[in-house]
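**Student:** Have a look; sequence and predicted model below, questions after that.
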Amino acid sequence: MNNERRVSLALTSTPMILIYVMVVFCVIAAIRQPAFLSPATLINLCRAGIFTMCFAICEMVVIISGGIDVSFPAIGCVAMYVPMYMYNNGMGVDSVFFFFGVAILIGLAFGILNGVLVAILKLPPLIATLATSSVASGGLIMLLGTREFTTLPPSLDWLYSINLLTYTDPATGFKYPLTILFLVPVILCIVVALVLRYTMLGRGLYAIGGDKNAARVAGFNVKKLQFTAYIFCSVMASATAMMYTTLMHSSTTTALMGEEMIIIAACVVGGCRLTGGHGSVGGTILGVLLITLVQNNLNMLGVPTSWQIFAVGLVLLLGAVLSSIQAKRIEKLGKI
Amino acid sequence: MKKALVLGTVTMAAAMVMSTFAFADDYKIAVVPKMTNIGWFQRMEEGVNEYNEENGTDYVYRGSAEGADQAGIVEQMLAEDWDAICVVPFDSESLAPVLEKARDQGIVVITHEAASMDPKYFDYDIEAFVNADYGTHFAEAISDFTGGEGKYIQFVGSLNSVSHNEWCDAADAYFEENTKMEKIGRYETGDDTTSSYNQTKELLQANPDIAAIEGSASTDIVGAAQAVDELGLSGKIAVIGTSLTSIAGDYVNKDVIQTFSVWDPAKAGQAMIELAKYVLDNDGAAPEELPVDGYDTLTADNTVLYGNARVDVTKENMADYDF
């Protein structure tokens, strides 16, 4: 009896439901477009999901801690633009360490700013990070203007050219390379999952997200944990932005703007709760996979462009509703 | 940026010195761009500065950095006694009442990239070219490359963009009439390189026999070119559309993009000034030609004037259009 219940619970858990939705989507895609069933789809999916995955993990950590960060796209833009600007104006060295180093320092500065606003001045996180976002993107345009850098320095071009593997489609001869930077989200997911599960820091983030006062009474340093979450988010988002420049050959002041909502949506679909204290790396991975899968294969499915935004919205809605029903169900179970 | 500043200061100084000697031309004309913080309109500023330098005038180039407060800037100008205001509307809806006020005050209003606006808001609108001709050119260039056979896809910045869709419609019509080329679809990129990159990969996987990609927003063929390059298809697929040397130049050099077209915002700025002067000199009459490259013959459709200012950029002439 108990065992049966456990199995049925596992089969109807949020992650499993997301997997069902994805499987159904893939089956439909494969029926409508046989070309879908190719290793190329997997490689394209991995490549397209790199930025979304990294950003989602950043956001997830902040959401778990009971906050929200809408400033990471603007911070990322500053972090990708400033090093390229410096380099193109003779103020930088051509080294991967320089580009990523400057990006990370910029992320650190803005992360501290967010931390001060939220943890010390106690501003509502949405407003605080919205302000940081405006300061970052407005300040950037005011001080450095708007250009578009599309020629990579040799060191970043070298990084761009390293691939983990290249799949050559036997039928068409097309090459599908998978960049080495794919390892970044993979390692990030593993590390964050371990930290959240097995360290005091990780448990503390859940604790302050669930109930700040209870966490304080239990001995957690709430301010320090909030700082950690926002700094981690900004630093990692900045490094991701530099990866964007490397992989897309483009550095502009607006390239990432507007990404925040879809990233937050990926977290929520993956089981994070905006009220804080809930969320997991596994769930977030599934949320990102679902969104990337849908976003990048609607053409394949033959969904007309004019319907695509609607279709993405529908899938998000479905995911959000399912995970909210799930949350309620679990709460009820707890009471029995 | 710094260069533009220095250039600007030098030209302004030069213009101030020269204007003391030039009595013939004392119109007060302003050019207001959509925004000043992108390369496109910095090029337009260079055009205005160059014009001032050559003609000893001191026409003003003034706009808002990000465009959002353009209407406010023009409204402030109404108190300053201008003879003509040349404007590239950012948000035509919020600008319209301001332009109406300007015209009521007797200021000549010249617009650019505003052919879809109600003609009561401007004296004349000047366009670089007829959209249909521009689109037909892409179809011709693509057919030259593919030999008129194979499948093609089109990217537009937005499915609601009037100009992008007019270009693509004209190309469709040309393909239909003159070639055996077959359209797979028209896709929206939101002016986002990443979107055209991912969609190109997806569409090529589903349709390996695509022979041509036509882009509309300047970023469309850049993303498409990166995908084509990574897939190892450079030179096997036509990648042609609107773009800029600053973002597409690398792929032209690598032969991924065969050719792209553009119109020079510097010339557009100069054409607006010349048009304003002509209208002021001739009591509101329309010119048939303007002494600016690409606008030397004009086709009129009521108060909308079309030039022939398309520039086709290839590896050979790319250095001349470095913006």
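**Tutor:** Structure's in. What do you need? Residues are numbered from 1 along each chain as shown, chains lettered A, B, ... in the order given.

**Student:** How about the residue nearest in space to the middle of chain B: what's its closest non-neighbour residue?
**Tutor:** Within chain B, the residue whose C-alpha comes closest to the C-alpha centroid is B:W263; the distance, by C-alpha atoms, centre = their mean, is 5.1 Å. Leaving aside its chain neighbours, B:W263 sits nearest to B:A128 (3.7 Å; criterion: C-beta to C-beta, 6 or more residues apart in numbering or on different chains). C-beta: built from backbone N, CA, C; applies to glycine.

**Student:** Burial check on the residue nearest to A:F55 when sequence neighbours are not counted, number of neighbours?
**Tutor:** Leaving aside its chain neighbours, A:F55 sits nearest to A:I263 (4.7 Å; criterion: C-beta to C-beta, 6+ apart). Number of residues near A:I263 (other C-beta atoms under 10 Å in any protein chain shown) recorded here: 29.

**Student:** low pLDDT regions in the chain?
**Tutor:** Going with chain A. Applying pLDDT under 70 to chain A flags the ranges A:1, A:334-336.

**Student:** not quite, I wanted chain B
**Tutor:** B:1-25.

**Student:** Tell me which stretches of chain B form helices.
**Tutor:** Here chain B has its helices, by DSSP state H, at B:2-19, B:39-55, B:70-77, B:92-104, B:131-146, B:162-178, B:193-206, B:220-230, B:245-253, B:265-281.

**Student:** could you dump these to CSV with distance to chain A and mean neighbour count?
**Tutor:** Shown next, in CSV, are these (distance: least, C-beta to the nearest C-beta, whole Å; neighbours: other C-beta atoms under 10 Å in any protein chain shown):
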stretch, distance to chain A, mean neighbour count
helix B:2-19, 8, 13
helix B:39-55, 6, 21
helix B:70-77, 16, 19
helix B:92-104, 20, 17
helix B:131-146, 17, 20
helix B:162-178, 12, 19
helix B:193-206, 5, 25
helix B:220-230, 6, 27
helix B:245-253, 5, 21
helix B:265-281, 15, 24
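
**Student:** could those go into TSV alongside distance to A:V312?
**Tutor:** TSV is the format used below for the helices of chain B (distance: least, C-beta to C-beta, whole Å):
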stretch	distance to A:V312
helix B:2-19	40
helix B:39-55	30
helix B:70-77	32
helix B:92-104	28
helix B:131-146	29
helix B:162-178	22
helix B:193-206	12
helix B:220-230	19
helix B:245-253	27
helix B:265-281	35
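
**Student:** quick one on the thing from earlier: quickly list what the residue nearest to the centre of chain B is bridged to.
**Tutor:** Note on B:W263: beta-bridge partners by DSSP bridges are B:R310.

**Student:** returning to that earlier point: shouldn't the residue nearest to B:W263 be in contact with B:V311?
**Tutor:** No: in this structure B:A128 lies outside contact range of B:V311 using C-beta atoms under 8 Å: 9.1 Å.

**Student:** Between these two, which contacts overlap?
**Tutor:** The contact sets of B:A128 and B:V311 overlap at B:263, B:294 (C-beta atoms under 8 Å, 6 or more residues apart in numbering or on different chains).

**Student:** hang on, the earlier thing: A:T52 is in contact with the residue nearest to A:F55, correct?
**Tutor:** Yes: counting by C-beta under 8 Å, A:I263 does reach A:T52; the two are 6.7 Å apart.

**Student:** number of nearby residues for A:M142?
**Tutor:** By other C-beta under 10 Å, neighbour count at A:M142 equals 10.

**Student:** what's the spacing between it and chain B?
**Tutor:** Distance, A:M142 to chain B, by C-beta to the nearest C-beta, to the nearest Å: 8 Å.
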